[in-house]
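Asks: curious how this folds, go ahead:
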Amino acid sequence: MRVSTEQLQQHLARELKPLYAVFGDETLLALEASDRIRAKARAEGYAEREVLTADAGFGWSELAFAGNSRSLFAARRILELRIPTGKPGSDGSEALQRHCESPPQDTVTLITLPGLDWRAQKAGWFEALDRAGVVIEAKPVARKALPEWLAGRLKAQNQEADAETLDFIADRVEGNLLAAHQEVQKLALLFPAGGIAYEQAREAVLDVARYDVFNLGEALLEGDVLHLARMVDGLKGEGVAPPLVLWAIAEEIRAIGRVVDGIAAGRTPPQLWREAKVWGNSHQQLMQQNCRRFSGEQVEAALLHAAKADRMVKGLIRGDVWDELLQLALRFASGASAKPLPKPGKMAAAAQAAERKQPALF
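Replies: Here you go, the predicted model:
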């Protein structure tokens, strides 16, 4: 059984299962999910807590021993198993499956793992966890969902903000949910309950955004050029290597080209995603919504531009590599833009200046 981190609180209000597994790359949400499970268990009388960590020296027989042991002082207990690597190995796989087949009585087992790829989620031990208990994935909050997430956090501390203010805060904390949580808490300390004005947020919220180069593809698809400009500028500021940024942009352009060709040939979405190597539900959904905005001519011109940027990265021609990468991304994405540009600000001016600096390639 799977539930999201947002659904977990409602689930725990109804029942407490004997086994939970929390995994995912979003540290804040994973910690909060584990804390909620522990709090529910303590409220139900599970007073004792035992923690096992499956590190290099861990023997998987310890899990069976802990499951079979009983305390003289507490009838109910929480048994936590932490697997930092997310790879239990063959011994761990067998031990976890045996544990799932016969969960210990009067025990809530909480297993915590890092982010797992699709292969690990298809493994026998993980599927056993899914069948025997509740699996919660701590997924990163996407940029477009961040204002709603922030609104929920503000509401929990009796504060609120309008859409423009939430969007401003989201721009400043994107990709850094732990820092976002701290910034929201800071607003509760600085301002009383009620509405948070835009000027108050602008003065109080620090720019703690962090960008993942592997999210560039989805930003290209969405066609929000100002967000894309912030991402490229942020990656530059974080010292990401230009060849990696160019690779991420070019790979998405190639994938879009394959999808466009596949649609013209009458292929169905499952075939398209497999042939174009478009993985993940969110990426596939964005591709399906936006791929028709692009043409084969746009893809070809963008790849020629990418080749020019590649020569610049290698020092074969002169030029500002980051400026070229920004222009490549903006020119390709702007052909797919479905939303009007926000009021020009600092990043808007940078993006518009980049558009005017050289004649369009396509």
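Asks: and the residue nearest to Ala219 when sequence neighbours are not counted, what helix or strand is that in?
Replies: Nearest residue to Ala219 in three dimensions, chain neighbours excluded: Leu228, at 4.8 Å (CB to CB, 6 or more residues apart in numbering). Every C-beta, even on glycine, is put in place using the N, C-alpha and C of the backbone. Assigned by DSSP states H and E, Leu228 belongs to helix 225-237.
Asks: cool, and Val22?
Replies: In this structure, Val22 sits in strand 19-23 according to DSSP H and E.
Asks: please write out the alpha-carbon positions of that strand in CSV.
Replies: Taking C-alpha atoms only, strand 19-23 is exported to CSV below (Å, rounded to 0.1, in the frame of the first residue of the first chain):
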residue,chain,number,x,y,z
LEU,A,19,5.0,-1.9,9.1
TYR,A,20,6.0,1.4,7.4
ALA,A,21,8.7,2.1,4.9
VAL,A,22,9.7,5.7,4.2
PHE,A,23,12.0,6.4,1.2
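Asks: paired strands for that strand, with orientation please.
Replies: strand 107-112 (parallel), strand 134-137 (parallel) (DSSP bridges).
Asks: give the rounded mean pLDDT of the longest one.
Replies: Right, strand 107-112. For strand 107-112, the mean pLDDT works out to 95.
Asks: swap in the shortest one?
Replies: Predicted confidence along strand 134-137 averages 96 (mean pLDDT).
Asks: same check on stretch 262-276?
Replies: Averaging pLDDT along stretch 262-276 yields 81.
Asks: in that stretch, what's buried?
Replies: 262, 267, 272-273, 276 (16 or more other CB atoms under 10 Å).
Asks: how far off centre is the helix holding Leu228?
Replies: 17 Å (CA atoms, centre = their mean, to the nearest Å).
Asks: please name every helix or strand in contact with the helix or strand following it.
Replies: Next in sequence after helix 225-237, counting helices and strands by DSSP H and E, comes helix 242-264. In terms of contacts (3 or more CB pairs under 8 Å, 6 or more residues apart in numbering; DSSP states H and E), helix 242-264 is packed against helix 216-222, helix 269-276, helix 281-290, helix 296-313, helix 321-334.
Asks: go again with 7 Å.
Replies: helix 216-222, helix 269-276, helix 296-313, helix 321-334 (3 or more CB pairs under 7 Å, 6 or more residues apart in numbering; DSSP states H and E).
Asks: quick one: buried residues of it?
Replies: Neighbour-count burial for helix 242-264, counted by 16+ other CB under 10 Å, picks out 242, 245-250, 252-260, 262.
Asks: thinking again about what came up before, I'd like the average pLDDT over the helix holding Leu228.
Replies: On average, helix 225-237 scores 88.
Asks: residues in contact with stretch 244-264?
Replies: With contact meaning CB atoms under 7 Å, 6 or more residues apart in numbering, stretch 244-264 is reached by 213-214, 216-217, 220, 235, 271-272, 275-278, 287, 291, 294-296, 299, 302-303, 306, 309-310, 313, 325, 328-329, 332.
Asks: of those residues, keep whichever come out buried.
Replies: The neighbour-count test (16+ other CB under 10 Å) applied to those identifies 213, 216-217, 220, 235, 272, 276, 278, 287, 291, 294, 299, 302-303, 306, 309-310, 313, 325, 328-329, 332 as buried.
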